[in-house]
Structures are given as C-alpha cells and as structure tokens.
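A.B. asks: Okay, here's the prediction I keep looking at, along with the sequence it came from:
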Amino acid sequence: MGLRERKKLATRRALQGAAVRLTLEHGLENVTVEAISAAADVSARTFFNYFATKEDALLGDVPVAPDEEARGEFVAGGPTGVFAEDLVVLLVASLVTSGDLATQRADTALRKQLMDREPQLLPGLLTRFHNVEQGLAGAIAERSDAPADDARSELAAAAAMSAVRHAMKRVPYGSGEGIDELHGRLSESLRMLGEVFAPETDA
C-alpha cells in the first residue's frame with residue numbers, strides 16, 4: 001500500500017472512530033456530520049468523499065465483499081484446490097480489512113455497544129451481512145458450475161457466515177496469533193459444522 005492509500009485509510013478510520021465515539025457519548029440524534037468531521041480534523045466535504053451519511057460511517061467496513069482478485073481465484077479453484085480451505089481464505093480476507101485482528105475485534109466490540117444503544121442501525125448492518133452472504137453464494141455457485149440461484153450454494157454461504165461468527169467468538173482476546181489463529185479457528189468451525197450434520201452410521 002502506497003503513502004496516498006495509507007493516508008486515505010487513516011482518514012477513513014479516523015472518521016469512523018470519531019463517529020462511533022461521539023454517538024456513544026451523545027446519541028445518534030445529537031451527532032452531526034460536521035461534529036464528526038471536526039473530531040477527525042477534516043472538513044465536512046472530506047467526510048462525504050468517504051461516506052454518504054453518518055450511518056455509513058458508524059456501520060464501518062465489516063463485512064466487506066471479497067475483492068475481484070480473491071473472488072476470481074476462489075471461483076477458478078484456488079488457492080489450494082480444497083473447497084473448504086479456499087472458502088476460509090476468502091472469508092478471512094473479507095473479515096480482517098485492517099490486517100490487524102486485535103484492532104478488528106476492538107472495532108467489533110465498539111459496534112456491538114453501538115447497536116445496543118442505537119438499535120435503529122441494526123437493519124443497515126443486517127443488510128450488509130445479507131449482501132455479503134449473497135455475493136458469497138454467487139461465488140460458490142460459480143465455482144460449482146451451478147445456477148446463480150442454486151439453493152445449495154445459498155445454504156453453504158449461510159452456514160459459512162454462521163461459522164464466521166462462531167470462530168470470532170473462539171479467538172481469545174489478547175491472542176498473539178492474530179489472523180493465522182482466526183484462519184485456524186474458522187477452518188475448525190467449518191469442520192465441526194460438517195460433523196454436526198454428517199449422516200450417522202451404525203456402530
């Protein structure tokens with residue numbers, strides 16, 4: 001990432017942090033774009049270069065859809081050739097946008113506080129998760145040469161998103177493994193999910 005991109009990312013995070021902090025302190029109705037911009041030391045015009053509304057800034061960047069390169073690699077059968085493992089790689093890339101799991105988890109904890117205090121933001125967050133899930137289902141269907149509305153692909157995507165939530169809860173706070181540990185936990189969660197629904201056999 002070049003200097004320009006790093007500066008833009010820093011500004012985006014500063015705006016998001018200011019939006020969350022001010023909303024937790026004063027309530028959503030009492031926070032303006034101007035106040036968020038001032039707290040991040042930028043102009044309101046700059047704010048709108050990054051977000052359409054203050055709600056967009058509050059919801060943050062997670063989850064995000066995989067970039068085209070990662071999606072294309074998955075659809076083409078990579079990077080390992082093993083479906084479950086390739087799915088994990090794709091999901092981790094979508095989850096940890098900061099490259100720092102500790103920062104990502106701290107942001108997630110703040111967002112949870114925010115949803116508890118401002119439940120009117122929840123539909124927007126659920127819509128984001130739904131959109132990512134639908135995109136994931138499309139990638140799974142494409143890799144499998146299935147129709148775009150394939151029910152199995154949709155179910156696989158829904159199960160994968162559930163595994164993500166399960167894995168995130170199981171990564172210990174203060175863990176030094178970071179993204180590698182999340183990768184391992186997510187692989188484990190998918191394996192456990194398969195075991196739960198595996199057909200029973202006679203002893």
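C.D. replies: Yep, that arrived. Residues are numbered from 1 along each chain as shown.

A.B. asks: tally of neighbours for Pro66?
C.D. replies: Here the neighbour count serves as a burial measure; for Pro66 (other CB atoms under 10 Å) it reads 21. All C-beta spots, glycine's among them, are computed from the backbone N, C-alpha and C.

A.B. asks: Likewise for Ala65?
C.D. replies: Using other CB under 10 Å, the number of residues around Ala65 comes to 16.

A.B. asks: pLDDT score for it?
C.D. replies: Looking at Ala65, its pLDDT stands at 77.

A.B. asks: Isn't it up against Gln134?
C.D. replies: No: shown here, Ala65 and Gln134 do not form a contact pair, counting by CB atoms under 8 Å, at 9.4 Å.

A.B. asks: Next, Thr80: secondary structure please.
C.D. replies: When states are read from DSSP: H, G, I helix; E, B strand; the rest coil, the local structure at Thr80 comes out as coil.

A.B. asks: ok, it touching Leu90?
C.D. replies: No: under the contact definition of CB under 8 Å, Thr80 does not touch Leu90, with a separation of 11.2 Å.

A.B. asks: higher neighbour count, those two?
C.D. replies: When Thr80 is set against Leu90 and neighbours are counted by other CB under 10 Å, the residue ahead is Leu90, at 21 against 11.

A.B. asks: contacting residues around the nearest residue to that one once chain neighbours are set aside?
C.D. replies: Take Leu90 and drop its neighbours on the chain: the residue closest to it by CB to CB, 6 or more residues apart in numbering is Phe74, 4.8 Å away. The neighbourhood of Phe74, defined by CB atoms under 8 Å, 6 or more residues apart in numbering, consists of Pro66, Asp86, Leu87, Val89, Leu90, Ala139, Arg143.

A.B. asks: Name the SS class of Phe74, please.
C.D. replies: Under the three-state scheme (three-state DSSP), the conformation of Phe74 reads as helix.

A.B. asks: how close does it sit to Ala158?
C.D. replies: 17 Å (CB to CB, to the nearest Å).

A.B. asks: Find the helix or strand that the residue nearest to Ala146 when sequence neighbours are not counted is a member of.
C.D. replies: Nearest in space to Ala146, with sequence neighbours left out and distances taken as CB to CB, 6+ apart, is Ser153 at 5.6 Å. Remark: Ser153 resides in helix 151-170, with elements defined by DSSP states H and E.

A.B. asks: roughly how far out does that helix sit from the chain middle?
C.D. replies: For helix 151-170, the separation from the chain centroid amounts to 12 Å (computed by CA atoms, centre = their mean, to the nearest Å).

A.B. asks: Just give me the neighbour total for Met168.
C.D. replies: There are 17 residues near Met168, going by other CB under 10 Å.

A.B. asks: actually Asp149, not the one I wrote
C.D. replies: By the measure other CB under 10 Å, the count of residues near Asp149 is 10.

A.B. asks: For it, which three-state class applies?
C.D. replies: Asp149 falls in the coil class when you classify it by three-state DSSP.

A.B. asks: how far away is it from Glu188?
C.D. replies: From Asp149 to Glu188 the distance is 30 Å (CB to CB).
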